[in-house]
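Enquirer: sequence first, then the predicted structure:
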Amino acid sequence: MTVRDSRELAGAWARHQRHAFHQPSPDLAPWVARYWEVTWDYAEPYRQKVVPYPNVQLTFRDGGAALQGVVAGHQTKVLAGRGHVFGVAFRPGAFRPFLGAPVSTLTDRTVDAATVFDPALPAPEVTEVERYLRRRLPEPDPRAQEAAGVVDAVATTPGITRVDALAGDLGLSVRQLQRLFAEHVGLGPKWVIRRYRLHEVTERLAAGTPVDWAAVAADLGYADQAHLTRDFTAMFGESPTWYARRY
């Protein structure tokens, strides 16, 4: 049997980490979803599970900056000693005007931020990072705005569970929707729909109330509980019941 690190159980991570979130200024809100900060203090290295979302991320840490494309699966980051990272989570679908290329070319990749942004790095705080972003601020792109709007709809509408139904609602073919997502999101609409429906599972786990897994599977458009469990495990690296012990 796998022995779990007790620091990942029952919210124990909160004794070692502090998280903060900040909203972007209005002129940057079409491109930036949020800013985030994490500080940590671990006497012994800790393996932090990071679950994926369809955001391109710009991170500042230890005097450097990295640009990470959308990641298809969970990752593990090792946190040791004391540290701090400041991040920019770009609005899903809105990063292509910065990149000047399909966002899928960054998928599952991390590159030096200087490949897109100014090599002169700011202090890792909201005001300075916003000045940094404005030096490279693109012109509005209607297609990027369309893609971002579609992702917003997926994120906020639990009833969206199928790609063909979403494409039909938008007046697009499935191929057209897939091309829009490859160009502007970085992963396909099926992945994005699945990710946001699974987010609803973690929200229910975080609420701490008993979960009827068969009912949840039906609510989220899964054929049965086994299908939900397979999808969840593929995305998070753990079964739903194993993951629930983190809360």
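Expert: Here it is on my side, so go on. It should be emphasised that the depicted structure is a prediction, and the values quoted were computed from it without experimental measurement.

Enquirer: how about the longest helix anywhere in the chain: buried residues?
Expert: What stands out as the longest helix in the chain, according to DSSP state H, is helix 189-207. For helix 189-207, burial by neighbour count (16 or more other CB atoms under 10 Å) applies to 189, 191-198, 201-202, 204-205. All C-beta atoms are positioned from the backbone trio N, CA, C, and that covers glycine.

Enquirer: cool, and stretch 20-34?
Expert: Buried-residue list, stretch 20-34, by 16+ other CB under 10 Å: 22, 24, 28, 30, 31, 32, 33.

Enquirer: give me the contacts around it.
Expert: Contacts to stretch 20-34, defined as CB atoms under 8 Å, 6 or more residues apart in numbering, come from residues 35-37, 55, 88-92, 94-95, 97-98, 126, 130, 133-134, 137-138, 140, 145, 148.

Enquirer: ends of it, how far apart?
Expert: End-to-end span of stretch 20-34 (CA to CA, to the nearest Å): 10 Å.

Enquirer: how near is the most centrally placed residue in the chain to residue 89?
Expert: In the chain, the C-alpha nearest the mean C-alpha coordinate belongs to residue 53, at 2.1 Å (CA atoms, centre = their mean). Distance of residue 53 to residue 89, given as CB to CB, to the nearest Å: 8 Å.

Enquirer: for residue 190, same thing?
Expert: 22 Å.

Enquirer: also residue 191?
Expert: Distance from residue 191 to residue 89, by CB to CB: 17 Å.

Enquirer: so the residue nearest to the centre of the chain lies in a helix, does it not?
Expert: No. Per DSSP: H, G, I helix; E, B strand; the rest coil, residue 53 lies outside any helix segment and is coil.

Enquirer: after the helix or strand harbouring residue 151, which helix or strand is next?
Expert: Using DSSP states H and E, residue 151 maps to helix 142-156. Next along the chain after helix 142-156, taking DSSP H and E as the criterion, comes helix 163-170.

Enquirer: which of the contacts of stretch 20-34 count as buried?
Expert: For the contacts of stretch 20-34, a burial check counting by 16+ other CB under 10 Å picks out 35-37, 55, 88-92, 94-95, 97-98, 126, 130, 133, 145, 148.

Enquirer: for residue 246, grab phi and psi.
Expert: phi -70, psi -20 (degrees, to the nearest 10).

Enquirer: show the contacting residues for the residue lying closest to it once chain neighbours are set aside.
Expert: Nearest non-adjacent residue to residue 246, counting by CB to CB, 6 or more residues apart in numbering: residue 8, 5.8 Å away. Neighbour list for residue 8: 46, 49, 246 [criterion: CB under 8 Å, 6+ apart].

Enquirer: reformat these as a markdown table; add distance to residue 115.
Expert: A markdown table is the format used below for the contacts of residue 8 (distance: CB to CB, whole Å):
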| residue | distance to residue 115 |
| --- | --- |
| 46 | 30 |
| 49 | 28 |
| 246 | 35 |
